[in-house]
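Trainee: starting from these lines, generate the structure:
(chains A and B)
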Amino acid sequence: MIPFGQVMGVAAPMMAPNVDTDVIMPKMFLKGVDRSGLGEGAFNLLRFSGGKPNPDFILNQDGYRNACFLVVGPNFGCGSSREHAVWGLQQLGIRALIGTSFAGIFNDNCANNGLLTISLDPGVVAGLARAVADSSRNDVTIDLPAQTIQFDCGRRSIGFDIEPDRKEAFLTGRDFIASTLVFADDIRAFEARHRAENPWIV
Amino acid sequence: MAARTLYDKLVDAHVVRNLDDSGLVLLYVDRTVLNEYTSPQAFAGLRAAGRKVWNPKAALMVVDHVNPTAAQRTRAMPDRGAARQVDYFAENARDFGIEYFDILDPRQGIEHVVAPEQGLVMPGMVIAAGDSHSTAYGAFGALGYGIGTSDIEHYLATSTVRYRRLKTMRIHLTGAAPLGVTPKDIVMEVIRRIGADGATGYAVEFSGPVVSNMSVEGRIVISIMIVEAGARGVVIAPDRKVLDYLKGRPRSPKGEMWERAARSWLALSSDPDARFDRELTLDVSEVAPLVTWGTSPDQAIAVTGTVPYPAQQAAPDREAAAMRALSYMGLTPGTPIQSVSIDFAFIGSCTNSRIEDLRDAAEIFRGRRVAEGVRAIVVPGSTQVRAQAEAEGLAKVFTDAGVEWRQSGCSMCLAMNDDVLKPGERCASSTNRNFEGRQGPGARTHLMSPAMVAAAAVTGRITDVRSLLGGARQ
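Mentor: Just a heads-up that it's a prediction; the model follows:
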């Protein structure tokens, strides 16, 4: 996964509730066996209309085309487990999502790929969304080591919580499988005990 | 030891080790089932790193998402991408030594229908799989939940997942379901009440007399569909009905081992004084057949109701979402939902494609015809369900009514195959998601029970199924 330290860039507000992974990555882009081509797929049915960029969509508007953060509404990423949604957001250049709540599978998929999700109180998210809705002050800096978000031309800063293990994994871009396989003996020992207790499981 | 919920007991029994002080654990996973569209990048990752599958016997691979459902089954796929996915899937099954049901296998079907049919799902297990509707397995007293592709790869390589314990919610169902009210309506009512994120971050346990009286297949419906409220895991305490369902299945234990397993399984339940982080009780006597009007599964009303005014929504962001949903759906507030005509009727999906669903639908279709201008299809959940429906005469009821009787697959639940609606087409659907574009770009989906879909199909508009039940004939 891509390590995340201090990242600066444009944040775009996308405050609709329940933005689902079908909207983030429509089915037409799910026919691959690799991760390529998903940048085109991200928000495809919202971004394009009749083959042309849809001017109503925030990421097609002046000042937001290079957004690397999204400030999002509640339950972002609900629905299908498709990790293609996360790969597509990353290929579109999105590095972090700031919102009130994220759907469970989507949130795990983000963590596994280095797409940072930050959960904050609704009032704080609404304030941030209002600030970045002005394209003259939509630059944001997310400092993961310091656990802060700076916005409003550096005049305002908010802190955020993240579990220590998650933070460390984001900072280092950890290979989770390799770190789990360090415990291979524990897994084998567990498996032997578990099968002895539940011999019908094979 | 303090009183524990069934969820906590299942998690406790699968912790390999703690990973930090904040509750992150390495959780052992007993089983998975894999499909052709969320697994390829996981296998590619294993190949790139030169890793093996830890326990190939614990996995099953089934083609279900991209295959056609045309009545005449062949190996041909609807497009090159789908063909490549199925070829790669077969290659991975062979190279990693995992059991594989291809499209012509008589055991093929939707993964969540097939795994229980094969007896792969047992009470007490943890089953994580690369599809959000893997909560299905909660119906059997297993902890079932969905994972993404990276976690599939992690599972395949280690038989574990990194896991953070969830909060617990008990949904207690009391009363007696009125005529025409099915498990689908009950779970849609729960979702309507708590919202599309009402169970986000929770493992849900369903309990109460309604659940005890519900068939195993009904329990699967509520276990799957509660995902649309954000539930990240589901459990239901196993009982005799679960045992009856599992006994004699190909992979179920036999003989003395069955007796031992059954004793162990019947002991699985939450302690009487276990505490849940959230408790919810629903008297199902008050529930009516439901139908969605919007583009989120919580945007639902009783079939006797009218399309709501956005200003009736609780919060400003919900009002804006409702306005957008009504515009997408082409609906006007105040319209009786029963006056809304449909173009298409779909009965299928992991939620509602089992034999009991097909029986419910057939009861409505028997002696009636699909309305002029409506196209109706039934896609059974598995090839075995298809065979059973044919043996019971249900298939003939469907075809006599003018319904297309298809082969099994996920089909129009997510429209990854060639079963896709055209922009603007309106579908009465027994599926679980009414998202924008879900059944095709611009397509409009109304979620409801299979019997309600059948009722809409024969009248040509959204219809209260109760007007067609109990011998009532138009």
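
Trainee: rest of the way, CA atoms for contacts and neighbours
Mentor: Fine.

Trainee: mind checking the SS state of residue 7?
Mentor: Looking at chain A here, since you left the chain open. Assigned with DSSP: H, G, I helix; E, B strand; the rest coil, A:Val7 falls in the strand class.

Trainee: meant chain B actually
Mentor: Classification of B:Tyr7 using three-state DSSP returns helix.

Trainee: was I right to think it contacts B:Gly144?
Mentor: No - contact between B:Tyr7 and B:Gly144 fails when scored by Cα atoms under 8 Å: they sit 10.3 Å apart.

Trainee: now do the shared contacts for the two.
Mentor: Jointly contacting B:Tyr7 and B:Gly144 under the rule Cα atoms under 8 Å, 6 or more residues apart in numbering or on different chains are B:Val235.

Trainee: separation between B:Ile364 and B:Ala401?
Mentor: Separation of B:Ile364 from B:Ala401 (Cα to Cα, to the nearest Å) stands at 10 Å.

Trainee: who's more crowded, those two?
Mentor: The residue with more neighbours, out of B:Ile364 and B:Ala401, is B:Ile364; 30 against 21, by other Cα atoms under 10 Å in any protein chain shown.

Trainee: element containing the more buried one?
Mentor: helix B:355-365 (DSSP states H and E).

Trainee: can you tell me what sits against that helix?
Mentor: Residues outside helix B:355-365 that contact it (Cα under 8 Å, 6+ apart): B:217, B:380, B:385, B:388-389, B:394, B:397-398, B:401, B:450-455, B:458, B:468-469.

Trainee: hmm, stretch B:233-245 in reach of chain A?
Mentor: No - Stretch B:233-245 stays clear of chain A (Cα under 8 Å from any Cα of the partner chain), getting no nearer than 10.0 Å.

Trainee: try stretch B:197-208
Mentor: Yes - Stretch B:197-208 is in contact with chain A by Cα under 8 Å from any Cα, via B:Asp197, B:Thr200, B:Gly201.

Trainee: in that stretch, what's buried?
Mentor: B:Asp197, B:Gly198, B:Ala199, B:Thr200, B:Gly201, B:Tyr202, B:Ala203, B:Val204, B:Glu205, B:Phe206, B:Ser207 (16 or more other Cα atoms under 10 Å in any protein chain shown).

Trainee: in CSV, list those along with pLDDT and secondary structure.
Mentor: What follows is these, written out as CSV (pLDDT from 0 to 100; DSSP: H, G, I helix; E, B strand; the rest coil):
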residue, pLDDT, secondary structure
B:Asp197, 96, coil
B:Gly198, 97, coil
B:Ala199, 98, coil
B:Thr200, 96, coil
B:Gly201, 96, coil
B:Tyr202, 98, strand
B:Ala203, 98, strand
B:Val204, 98, strand
B:Glu205, 98, strand
B:Phe206, 98, strand
B:Ser207, 98, strand
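
Trainee: pull the most distant pair out of those residues.
Mentor: Using Cα to Cα, the pair of the buried residues of stretch B:197-208 lying farthest apart is B:Asp197 and B:Ser207, separated by 20.5 Å.

Trainee: who are the contact partners of B:Ala176?
Mentor: So B:Ala176 contacts B:Val210, B:Asp283, B:Val284, B:Ser285 (Cα under 8 Å, 6+ apart).

Trainee: pretty sure the second one contacts B:Gly175?
Mentor: What that stands for is B:Asp283. Yes - the pair B:Asp283 / B:Gly175 is scored as a contact, 5.1 Å apart, by Cα under 8 Å.

Trainee: coming back round to it: could you point out which element follows the helix holding B:Ile364?
Mentor: Downstream of helix B:355-365 (by DSSP H and E), the next one is strand B:375-378.

Trainee: mean confidence for that next one?
Mentor: The average pLDDT for strand B:375-378 rounds to 98.

Trainee: helices or strands up against it?
Mentor: strand B:344-347, strand B:404-405 (3 or more Cα pairs under 8 Å, 6 or more residues apart in numbering or on different chains; DSSP states H and E).

Trainee: can I get the ones you listed in a markdown table including mean neighbour count?
Mentor: Shown next, in a markdown table, are these (neighbours: other Cα atoms under 10 Å in any protein chain shown):
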| stretch | mean neighbour count |
| --- | --- |
| strand B:344-347 | 27 |
| strand B:404-405 | 20 |
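
Trainee: okay, and which of the contacts of helix B:355-365 map to helices?
Mentor: Counting by DSSP state H, the part of those found in helices is B:217, B:385, B:388-389, B:394, B:397-398, B:450-455, B:458.

Trainee: so, low pLDDT: which residues of chain A?
Mentor: Within chain A, no range satisfies pLDDT under 70.
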